[in-house]
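>>> One predicted model, sequence on top.
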Amino acid sequence: KAMCSGKLQTGLLVASYFIYLLVGAAVFQALERTAEKQEKIAAAQMKEAFLQNFTHLTVAEMEQFMKNLTEAIQNGVYPVGNESQIEDSNWDFSNSFFFAGTVVSTIGYGTLRPKTAGGQIFCVFFALFGIPLNIVFLHRVGKMLSLLCKKLGKFLYEKGMRKKKIKFLTLLFFLATGILVFLCLPSLFFQITEGWSYSEGIYFAFITLSTIGFGDYVVGKQPGRNYFSYYRTLVAIWILFGLAWIALLFNL
Amino acid sequence: VLPVAAPDLLDPKSATQNSKPRLSFSTKPTVLSSREESDSAINVMKWKTVSTIFLVVVVYLIIGATVFKALEQPHETSQRTTIVIQKQTFVSQHSCVNATELDELIQQVVAAINAGIIPLGNTSTQISHWDLGSSFFFAGTVITTIGFGNISPRTQGGKIFCIIYALLGIPLFGFLLAGVGDQLGTIFGKGIAKVEDTFVKWNVSQTKIRIISTIIFILFGCVLFVALPAVIFKHIEGWNTLDAIYFVVITLTTIGFGDYVAGGSDIEYLDFYKPVVWFWILVGLAYFAAVLSMIGDWLRVISKKTKEEVGEFRAHAAEWTANVTAEFKETRRRLSVEIYDKFQRATSIKRKLSAELAVNHNQDLTPCKRTLSVNHLTSEKDILPALTKTDSIYMNGLTPHCAADEIAVIENIK
């Protein structure tokens, strides 16, 4: 009987999963489709305008150049400015460290990704061992932080509060401080360093800490901006502790 | 909750408590003196564990960074050089185009590509990324946290909805994954039980059976969820073998770079292709979760074994030190008791002797004599032979035969 109910439960879950996806699909489509159309028109117009300005350019030459350009950009190379400006490597130590971090935390932005066969093979094995390691680490940190939680709870209990209220308050406390420290404050920080709007910063913070990691917003990638030396390392530390906070929330 | 009932796997304290060193002199109770102390002790232990693991993670990341850098930087440099040359060629070939206008164009192209639009050919005829099928796909990448990123919301409303959608959807998917994992486990368990029965009949040891079933689990899963889909992707998407396997692993670990996306290219796909891909992702994720947790268990076992060995070593060292100290103290105690006893006896014998002698000679023990007997409580051997040679032993006027007895007594003390 237990097995039967287990199968039924799973069946229900699968059904609700697909329904949830359908609902999401419909809403995203409604929100995004028109904007996409406009962007496509803009891209076409850009090409048109360029061709019109420089009349001796043939369409074929333009297409070829665009193809080369697209390939370069998809490889993470943004050839803006003269040669000296594009000297910064995407694979210097600091960026490689950041990349290793995005692999191990399963965020996987994708703006930077291994292109060589060796890099891809190494990435696979690096992930297979690094992800469990990361999970074990986050689990431990979450447990340690939950001890702090219990201390707070004990303190409140001694003050004479009921257990249910204590549990609710500690959860609220950690939720509030976490949102402040890991979402609100970093977004302010990103406003200054990246030039994003506050809501863009929050969106980036959320997409990163949930490990979804689209890669549409990535730190340290705005062309023409100067970032201080260990900017990305600082961001990596923020990601690490933010993930630990989320692990704590799951433990509570 | 203090880890008193169930000792923590990575807690070395539980390892030492189990070995129970023999402390012969200790009369202290083994119960911890106060809850406060034990709390802080456990906090210290947990902090040590966490910081150790943190160090291991950082070292792991540094190793990864160095290897990635070594592997990828050369390719990137060549790519960079190529595009620079192409740009220069373009400018030189079309002298009417100046550098700033070209840069503007390039920036616009960058923006377009980031929006998911490839500015090649007739952009308006390209398949929309937000038709129902692709939006469904996108919604899936959100709640599985794979997040390929080849498509992402550009409007304000889309982003806000995305956040709310993820907050609800990720836990929902978590439950689903747990359920699917359970079902998979049951199915696999039934199958493996039959295999294990056969092995038991062949009288294979338990450990070997376990190893064999793990290997079967890995092989079977790899074929079903990695190799087979990779072949299908290679065929339909036109990737090479490595790219297909790479895509499978990157997707099923939920990293999801987005450089390769099944169903993301402008190819005519069969109608049921994308739903099948999604079903594969669901089951494959459950499988990978099992594999990753298995690897995590191995890591835990290795770390536990190391901690146990370190803990055992520490316990043995502590036990050895404790025993040696105890033995030493015991010996000293016994020795001092013995010496004291003998000294008492010697003194009483001397009193008797001197009493007898006093009857005969009426003389007290010379200070020399007293010093002699006291000195012999130490282990200085050279004093005795020297004294036998001098006359001090005869200072109190003892007759030789009595002196001999005395020497015997003194020798005894030594």
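Here it is on my side, so go on. Numbers count the residues shown, from 1 in each chain, chains lettered A, B, ... in the order given.
>>> Around chain B, which positions in the stretch 151-252 of chain A sit nearby?
Taking CB under 8 Å from any CB of the partner chain as the contact definition, the stretch 151-252 of chain A meets chain B at A:199-200, A:202-203, A:206-207, A:210-216, A:223. Where you see a C-beta, it was placed from the backbone N, CA and C, and this is true even at glycine.
>>> Figure out how far the helix or strand that contains A:T177 is from the centre of its chain.
With secondary structure defined by DSSP states H and E, A:T177 is part of helix A:163-178. Helix A:163-178 has its average C-alpha position 27 Å from the chain's average C-alpha position, going by CA atoms, centre = their mean, to the nearest Å.
>>> Stretch B:149-160 too?
Relative to the mean C-alpha coordinate of its chain, stretch B:149-160 is positioned 39 Å out (CA atoms, centre = their mean).
>>> For it, list every residue counted as buried.
Buried residues in stretch B:149-160, counting neighbours by 16 or more other CB atoms under 10 Å in any protein chain shown, are found at B:G149, B:N150, B:I151, B:S152, B:P153, B:R154, B:G158, B:K159.
>>> filter the residues of the stretch 151-252 of chain A next to chain B to the buried ones?
In terms of neighbour count (16+ other CB under 10 Å), the buried residues within these are A:E200, A:I202, A:Y203, A:F206, A:I207, A:S210, A:T211, A:I212, A:G213, A:F214, A:G215, A:D216.
>>> Reformat the residues you listed as TSV; add pLDDT.
Shown next, in TSV, are these (pLDDT from 0 to 100):
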residue	pLDDT
A:E200	89
A:I202	91
A:Y203	91
A:F206	90
A:I207	89
A:S210	88
A:T211	89
A:I212	87
A:G213	86
A:F214	85
A:G215	84
A:D216	82
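>>> Need the max-distance pair from those.
Using CB to CB, these span at most 18.8 Å, a distance reached by A:E200 and A:T211.
>>> circling back to that earlier point, list the buried residues of the helix or strand following the helix holding A:T177.
As assigned by DSSP H and E, the chain's next helix or strand after helix A:163-178 is helix A:185-194. Counting neighbours by 16+ other CB under 10 Å, one finds that the buried residues in helix A:185-194 are A:P186, A:S187, A:F190, A:T193, A:E194.
>>> What is the helix holding A:T177 packed up against?
Secondary structure elements in contact with helix A:163-178, counted by 3 or more CB pairs under 8 Å, 6 or more residues apart in numbering or on different chains; DSSP states H and E, are helix A:117-158, helix A:231-251.
>>> Buried residues of that helix, list them for me.
The neighbour-count check on helix A:163-178 (16+ other CB under 10 Å) flags A:I166, A:T170, A:F174, A:G178 as buried.
>>> I figured the last one hits A:L243, correct?
It refers to A:G178. No. Counting by CB atoms under 8 Å, A:L243 is not a contact partner of A:G178; they are 11.3 Å apart.
>>> how far away is A:L183 from chain B?
Taking CB to the nearest CB, to the nearest Å as the measure, A:L183 falls 10 Å from chain B.
>>> Leaving out sequence neighbours, find the closest residue to that residue.
With CB to CB, 6 or more residues apart in numbering or on different chains as the measure, A:A205 is the residue that lies nearest to A:L183, at 5.0 Å, once sequence neighbours are left out.
>>> Please list all residues in contact with that neighbour.
Contacts for A:A205 were tallied using CB atoms under 8 Å, 6 or more residues apart in numbering or on different chains; they are A:F182, A:L183, A:P186, A:S187, A:F190, A:G242.
>>> how does it look with 10 Å?
If you count contacts by CB atoms under 10 Å, 6 or more residues apart in numbering or on different chains, A:A205 has them with A:179, A:182-187, A:189-190, A:217, A:238-239, A:242, B:163.
>>> Could you find the closest non-adjacent residue to B:Q93?
By the measure of CB to CB, 6+ apart, the closest residue to B:Q93 outside its immediate chain neighbours is A:E61, 7.7 Å from it.
>>> ok, now B:A244?
Take B:A244 and drop its neighbours on the chain: the residue closest to it by CB to CB, 6+ apart is B:A230, 4.0 Å away.
>>> Settle this for me: that neighbour is touching B:F247, isn't it.
Yes. Counting by CB atoms under 10 Å, B:A230 touches B:F247, with 7.7 Å between them.
>>> Show me the common contact partners of the two, please.
B:W239.
>>> how does chain A divide up, domain by domain?
Chain A breaks down into these structural domains: A:1-50, A:90-251 (assignment by the TED database).
>>> Where does pLDDT dip in the chain?
Using chain A here. When residues are selected by pLDDT under 70, those of chain A lie in A:1-7, A:9-10, A:13-14, A:17-18, A:31-32, A:75-90, A:223-224, A:250-252.
>>> oops, chain B please
Along chain B, the parts satisfying pLDDT under 70 run over B:1-47, B:115-116, B:122-127, B:266, B:361-414.
>>> quick one: the helices in it?
Using DSSP state H, the helices of chain B run over residues B:12-19, B:35-93, B:99-114, B:132-143, B:156-201, B:206-221, B:228-237, B:241-252, B:273-361, B:367-375, B:383-389, B:400-413.
>>> Out of those, flag the one nearest A:F65.
helix B:35-93 (5.3 Å).
>>> which other helices and strands contact that closest one?
In terms of contact count using 3 or more CB pairs under 10 Å, 6 or more residues apart in numbering or on different chains; DSSP states H and E, helix B:35-93 is assigned the packing partners helix A:59-74, helix A:93-104, helix A:117-158, helix A:231-251, helix B:12-19, helix B:99-114, helix B:273-361.
>>> report the angle between the axes of that helix and helix B:273-361?
Note on geometry: by axes from the mean of the first three to the mean of the last three CA atoms, to 10 degrees, helix B:35-93 and helix B:273-361 are set 140 degrees apart in direction.
>>> No further queries at this time; thank you.
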